[in-house]
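Enquirer: when you get a sec, could you give me coordinates for this:
(one chain, ligands or ions: 2)
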Amino acid sequence: MALLEVKELTKVFSSKKGKVVAVDTVSFTAREGEIFGLLGPNGAGKTTTIRVLATTLQPTSGTAIIAGFDIQQDAESVRQHIGVLTTDIGLYDRFSGRENLQYYGQLYGIDGEKLNSRIQALITQLEMESFIDRRAGKYSTGMKQKVAIARSIIHDPQVIFFDEPTSGLDVLASQTVVRFIKSAKEQNKLVILSTHQMHDAERLCDRVGIIHDGALIAIDTISALRERTGAPDLEDAFLALVKEKNLSGTPDNVVNGTDSSEGDVLKSEDPKYKTVTMLRMASFIVVALGLLALFIPNLPEKTQYFGQALVLIGALGIIVTKTFLKKYKK
Ligand SMILES: Nc1ncnc2c1ncn2[C@@H]1O[C@H](COP(=O)(O)OP(=O)(O)O)[C@@H](O)[C@H]1O
Ligand SMILES: [Mg+2]
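Expert: Ligands and ions are numbered 1, 2, ... in the order given. This next block holds a predicted model:
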């Protein structure tokens, strides 16, 4: 059964300085018992995709159906069926791990013996016995991550979104996360795993979606992607796919400049932009020369006319180039 069906999902962020298409008409489906990787470098749009699917952000267009519910029309039901682990762990430091789990369980409407036995099962599964009754503020990053995982699935959801779950973890803590993801698959859950680490994707994912500048440029099993590109490993396959995509000349997700300095570099390197800027500077010089001719006393009448003409031509140049640059900025 398809637990997740993403349909032309798009998320555009607008700011004063421009628009960023963080998720660009992304479509894919994923099934129960599957580990689906969203693979891409920093800034590719993985977190935004997960936030939109988890109903913490509204999509600009498109939608998704999760466990039969539409993220736009039935966000509350979607939230009951998903577990989300983001990079921001957010536990209550003054509570113990167990108290944190009790608190979140109650938020999902679970309590009493049912909640206690669920928490006990998670403590065993994630090996948290030794620290679960200590204050969370004193935990190591790995311990916090274990409690955060337990918290995200306290209501036993069918679909689990994990955003870069091993980032910042040491080898041992990473291993716990990896084991957990594998056990979720064995329980027939759907795990959507975002990562920029090829190694994680390689050892876990049944299929991956390669995300680049907000767009999914390939979806397949890792072995099929390797075969298609002739690459020995996922990292080389990834680079080949990005290169293929760039050569096909599809524009990237930065629409006419962003708030990052990257956007500025792109703009200043555009030959059209450079030419117009130069024309604009020339127009200012022409006006200055014209004014000079007008204001120098005792020049012949002809020179005066020439000066006026220069001022007019220069002014026209300034207006035209200004209009063009305005359009460019929008
Ligand atoms: N709240 C926001 N406002 C504006 N731009 C954002 C916001 N969140 C993310 N972006 C931009 O969207 C793009 C994708 O970001 P993100 O989804 O965090 O990528 P990833 O998780 O793959 O590193 C980036 O260009 C980022 O700067
Ligand atoms: Mg991210």
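Enquirer: per-residue confidence at L292?
Expert: In this model, L292 is scored at 86, pLDDT.
Enquirer: wait, isn't it in contact with V311?
Expert: No. Using C-beta atoms under 8 Å, L292 is not in contact with V311, being 9.9 Å away. Backbone N, C-alpha and C define where each C-beta goes, glycine included.
Enquirer: could you identify the longest helix within this structure?
Expert: helix 301-329 (DSSP state H).
Enquirer: name the helices or strands packed onto it?
Expert: Contact here means 3 or more C-beta pairs under 8 Å, 6 or more residues apart in numbering; DSSP states H and E; on that basis helix 301-329 packs against helix 271-295.
Enquirer: for the helix it packs on, packing partners?
Expert: Applying 3+ C-beta pairs under 8 Å, 6+ apart, we find helix 271-295 packed against helix 301-329.
Enquirer: next, the angle from the helix it packs on to helix 271-295.
Expert: Counting by axes from the mean of the first three to the mean of the last three C-alpha atoms, to 10 degrees, helix 301-329 lies at 150 degrees to helix 271-295.
Enquirer: list the buried ones in the longest helix of the chain?
Expert: For helix 301-329, a neighbour-count test (16 or more other C-beta atoms under 10 Å) marks 306-307, 310-311, 314, 317-318, 321, 324 as buried.
Enquirer: take those residues and lay them out in a markdown table including pLDDT.
Expert: Formatted as a markdown table, the buried residues of helix 301-329 follow (pLDDT from 0 to 100):
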| residue | pLDDT |
| --- | --- |
| F306 | 85 |
| G307 | 86 |
| L310 | 90 |
| V311 | 90 |
| G314 | 90 |
| G317 | 89 |
| I318 | 89 |
| T321 | 83 |
| F324 | 78 |
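Enquirer: just the closest of those residues to T25, please.
Expert: Of all these, T25 sits closest to F324, with 29.7 Å by C-beta to C-beta.
Enquirer: thought L204 was touching V178?
Expert: Yes. At 6.4 Å, L204 counts as touching V178 under the criterion of C-beta under 8 Å.
Enquirer: more neighbours: the two, which one.
Expert: L204 (22 against 15; other C-beta atoms under 10 Å).
Enquirer: who's in contact with the more buried one?
Expert: L204 makes contact with 35, 37, 178, 181-182, 193 under the criterion C-beta atoms under 8 Å, 6 or more residues apart in numbering.
Enquirer: do the same with D200
Expert: 37, 166, 178, 193 are the contacts of D200 under C-beta under 8 Å, 6+ apart.
Enquirer: which residue, other than its chain neighbours, is closest to the second one?
Expert: Using C-beta to C-beta, 6 or more residues apart in numbering and skipping the chain neighbours, the partner closest in space to T166 is S174 (4.2 Å).
Enquirer: nearest to ligand 2: which residue in the protein?
Expert: Closest approach of the chain to ligand 2 (C-beta to the ion) occurs at T47, with a separation of 3.2 Å.
Enquirer: burial measure for the residue nearest to that residue when sequence neighbours are not counted, as a count.
Expert: Spatial nearest neighbour of T47, excluding adjacent residues (C-beta to C-beta, 6+ apart): D163 at 5.6 Å. The local packing of D163 (other C-beta under 10 Å) involves 21 other residues.
Enquirer: now E235. Nearest residue, chain neighbours left out?
Expert: Among residues not flanking E235 along the chain, M198 sits closest, at 4.5 Å (C-beta to C-beta, 6+ apart).
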